[in-house]
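Trainee: Requesting a structural model of the entry that follows:
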Amino acid sequence: MEKENIFKWKQYQPDIIVLTVRWYLRYTLSLRDLVEVMEERGLFLVHTTIMRWVHQYGPELNERIRKHLKPTNDSWRVDETYIKMILKETRLIFI
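Mentor: Below is the predicted model:
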């Protein structure tokens, strides 16, 4: 059985929606910054449209992308270094 098209009946092309949602989730761009970026590309959107796309398609994109990411390791290490700075001992912790 074919998975239903999640972009059915949308005014904009799926590529535009995915690109906009991906940029919002990946980079530190505000909704209004994305509106400005899309205007430079000839697309005139409203920030609330992008917000609705993020709420609607964000979880779906997350679910589809997670399958292709490398699994993370649950272990981690901490390095401690002691240095003297102006006659005061300080401890730095590197994670």
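
Trainee: Need the residues that contact the longest helix anywhere in the chain.
Mentor: Taking DSSP state H as the criterion, the chain has its longest helix at helix 47-66. Contacts with helix 47-66, where a contact means C-beta atoms under 8 Å, 6 or more residues apart in numbering, come from 6, 17, 18, 20, 21, 22, 24, 25, 31, 32, 34, 35. For every residue, glycine as well, the C-beta is placed using N, CA and C.

Trainee: Just the buried positions in it, please.
Mentor: 49, 50, 53, 54, 57, 61 (16 or more other C-beta atoms under 10 Å).

Trainee: and what of stretch 25-34?
Mentor: Of the residues in stretch 25-34, 29, 31, 34 count as buried by neighbour count, 16+ other C-beta under 10 Å.

Trainee: how far does it stretch from start to finish?
Mentor: 11 Å (C-alpha to C-alpha, to the nearest Å).

Trainee: could I get the buried residues of helix 47-66 as CSV with pLDDT?
Mentor: Output for the buried residues of helix 47-66, formatted as CSV (pLDDT from 0 to 100):
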residue, pLDDT
49, 92
50, 93
53, 92
54, 94
57, 89
61, 85
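
Trainee: Compile these into JSON lines and extend it with columns for distance to residue 70.
Mentor: Compiled in JSON lines, the buried residues of helix 47-66 are given as follows (distance: C-beta to C-beta, whole Å):
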{"residue": "49", "distance to residue 70": "33"}
{"residue": "50", "distance to residue 70": "29"}
{"residue": "53", "distance to residue 70": "27"}
{"residue": "54", "distance to residue 70": "25"}
{"residue": "57", "distance to residue 70": "23"}
{"residue": "61", "distance to residue 70": "18"}
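
Trainee: Sweet, I'm off.
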